[in-house]
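In: Structure for this input, please:
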Amino acid sequence: MSFDLATLQEALRAMALDAWGETVSTELVSARLMDGLRDLGVTPLKDKELKEISKTFDIESWRRLSLIVRALRELPELAKEAAPLLRQRTVQQAFFDFAVRDTQLLTIELLLKSPFRVEELARKWVRAIGGEIAGETQEESDARVKRIDFGGVLKNLEAAEKDRQARQQKLKEIEAERLKKEREAQEAYERAGRE
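Out: Residues are numbered from 1 along each chain as shown. This is a model prediction of the structure:
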């Protein structure tokens, strides 16, 4: 099943804008998700399972989940295309792992600042449910996700910063060694002059 990326991105961005500054009701998001799953013919989680799975959620995880739930409920074509895929995945994979693990750095604020982050959210959710992006091969989609992955970008930046610090430290050590040799040479010269 393939999804129109532009439509999904546009909807998610508009929903993120609507969600900006709002308080998220975890109970309401959970209820909407479970109702939406029932409507799609997917077995919803029991309350105990839901509480266990979502106990590690922070507010941003709930916000990301809320965006996806809202998209499913407000975009009938998306729900229709997603339904068969959702029946083949666990609710945990398609929604909870996605919201906590796969997109953990994507805050609502970041989504509003960068179209790349909205694209990343959309692509990662389509991937989480086992879908494809319309007009792309799986290899093209994989390559694009890797290019725009914010977590990967941050890891690369952190690695570059560590490398820069290591190079700076090495330069400081070389400079300290040079100054030490200079001092030793100066002291040797002064001793020779006194003798």
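In: other SSEs contacting the worst-scoring helix or strand of the chain on mean pLDDT?
Out: None of the helices or strands of the chain scores lower by mean pLDDT, DSSP states H and E than helix 150-194, at a mean of 79. Counting contacts by 3 or more CB pairs under 8 Å, 6 or more residues apart in numbering; DSSP states H and E, helix 150-194 is packed against helix 115-128. C-beta coordinates here come from the backbone N, C-alpha and C atoms, glycine included.
In: next one: the helix it packs on to chain centre, how far?
Out: Distance of helix 115-128 from its chain centroid, counting by CA atoms, centre = their mean, to the nearest Å, is 8 Å.
In: tell me the average confidence for it?
Out: In this model, helix 115-128 carries a mean pLDDT of 92.
In: what's downstream of that helix, the next helix or strand?
Out: Using DSSP states H and E, the helix or strand that follows helix 115-128 towards the C-terminus is strand 132-133.
In: which other residues reach that following strand?
Out: By CB atoms under 8 Å, 6 or more residues apart in numbering, the surrounding residues in contact with strand 132-133 are 1-3, 5, 123, 126, 138, 140-141.
In: report the angle between the axes of the least confident helix or strand of the chain and helix 115-128?
Out: Here the directions of helix 150-194 and helix 115-128 differ by 120 degrees (axes from the mean of the first three to the mean of the last three CA atoms, to 10 degrees).
In: So what's the gap between helix 150-194 and the chain middle?
Out: Distance, centroid of helix 150-194 to centroid of chain: 37 Å (CA atoms, centre = their mean).
In: again with stretch 87-95
Out: The answer for stretch 87-95 is 18 Å, by CA atoms, centre = their mean.
In: Report the contact partners of the spatially most central residue of the chain.
Out: In the chain, the residue lying closest to the centroid (CA atoms, centre = their mean) is T103, at 2.9 Å. With contact set as CB under 8 Å, 6+ apart, T103 has these partners: 64, 120-121, 124-125.
In: Please name the residues that touch D102.
Out: 124, 127-128.
In: List the contacts of D97.
Out: Per CB under 8 Å, 6+ apart, neighbours of D97: A128.
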